[in-house]
Structure formats: C-alpha cells, structure tokens
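Trainee: Pasting the sequence and the predicted model now:
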Amino acid sequence: MENEQQHYELTLIIPGNLAEDQHPEILNKIKSLLEKNQAKLTVEEDLGRKKLAYPIKQLRHGFYYCLEFDLESDKTKTIEKELKLTSSILRFLLIKKHQKTAAEIADQEQLKDKRIKKKIADQIKTEEAKETKEKIKKPKISLEDLDKKLDELLEDEMVK
C-alpha cells in the first residue's frame, strides 16, 4: 500500500533566552530534517515573540514559527522523534492540515461578504431607529412655562 502525500503544519517554540541570530540556524536544521524525509516545504511563517501561557523550563517567552509542508504520512513519526531530541525547541505541534480547494475558498468569501452586508444593514437600521426616536421626542418645557400654564388652568377653574 502506497502512502499518499498529506499536508502538515508544524508549529514550534524556540526559547526566548536564545539570541535571534541563532534562530535561522535552528530553522535550517529543522528544514534539513524535513528535506531528509522528502517533505516539500510550502509555507514558512515567523509568528514572533509571544508570552507563554505558563512557564516552561523557567522561561516565560518564546519565539513561534510555523512551517507547512507536504509529506508521506508514514514519515511523520521519524520527524516527531527527531524534534523531541532537539534541545533548542521548547515545544512543537505537528498536525495534519486540510488544504482548501478553490471552491471552498470562494464559498468562504461569499459567506464573509454576506456577513459584512448584514452587519452594515443592521447598523443602518439602528441609525434610522435612533433618528426617528430623536424626531419623535418633544422639546422639553422649561419650569417657567409650566408654571404659567398651571396658573392659567387654575385661574380658568376659579372663574367658573
């Protein structure tokens, strides 16, 4: 049975106490490990320095990197073993990633457009409702005018 190529994503954390000029060397080691196992690198992304949710080996910050590649599914175990032995990586996560087809991307764009249009329509409705409320509001009557009206009504009743 022939293993087919799958799309994978590898997210890794490099310790925050390592100098940034050492990061390319570490990434090159990881890339060579992937190439040794016949992985075809498609995306490489530097996610930057972030604070860790909890300390790992007394470190509170780490540099995050994300690599996407295509690889035969039976070779992931060897890559995971090698990554576990690499001391310059705090943590890593290797997952199978679904690649979106052009139709799925188009559907998502349509849904996004519909949501945006609905949000704009809702905002317009709320603004119109506010404007109508403002138009309906009666002007406030001052206390002096109210006293005058009350005096007039009381005088009319006394005359009767």
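Mentor: Everything's here; your move.
Trainee: Which pLDDT value goes with Glu2?
Mentor: The per-residue pLDDT reported for Glu2 equals 57.
Trainee: nearest residue to Lys29 other than its sequence neighbours?
Mentor: With sequence-adjacent residues excluded and distances taken as C-beta to C-beta, 6 or more residues apart in numbering, Lys29 is closest to Thr86, at 7.3 Å. To be clear about C-beta, it is placed using only N, CA and C from the backbone, and glycine gets the same treatment.
Trainee: how near is the one you found to Thr126?
Mentor: Distance of Thr86 to Thr126, given as C-beta to C-beta, to the nearest Å: 54 Å.
Trainee: ok, now Ile120?
Mentor: In this view, Ile120 and Thr126 are 11 Å apart by C-beta to C-beta.
Trainee: Please apply the same query to Glu134.
Mentor: Distance of Glu134 to Thr126, given as C-beta to C-beta: 13 Å.
Trainee: Residues that sit against both of the two, list them.
Mentor: Common contacts of Glu134 and Thr126, defined by C-beta atoms under 8 Å, 6 or more residues apart in numbering, are absent altogether.
Trainee: how many neighbours does Glu68 have?
Mentor: Per other C-beta atoms under 10 Å, the neighbour tally for Glu68 reads 18.
Trainee: In contact with it: list those residues for me.
Mentor: Applying C-beta under 8 Å, 6+ apart, we find Glu68 in contact with 7-10, 41-44, 97.
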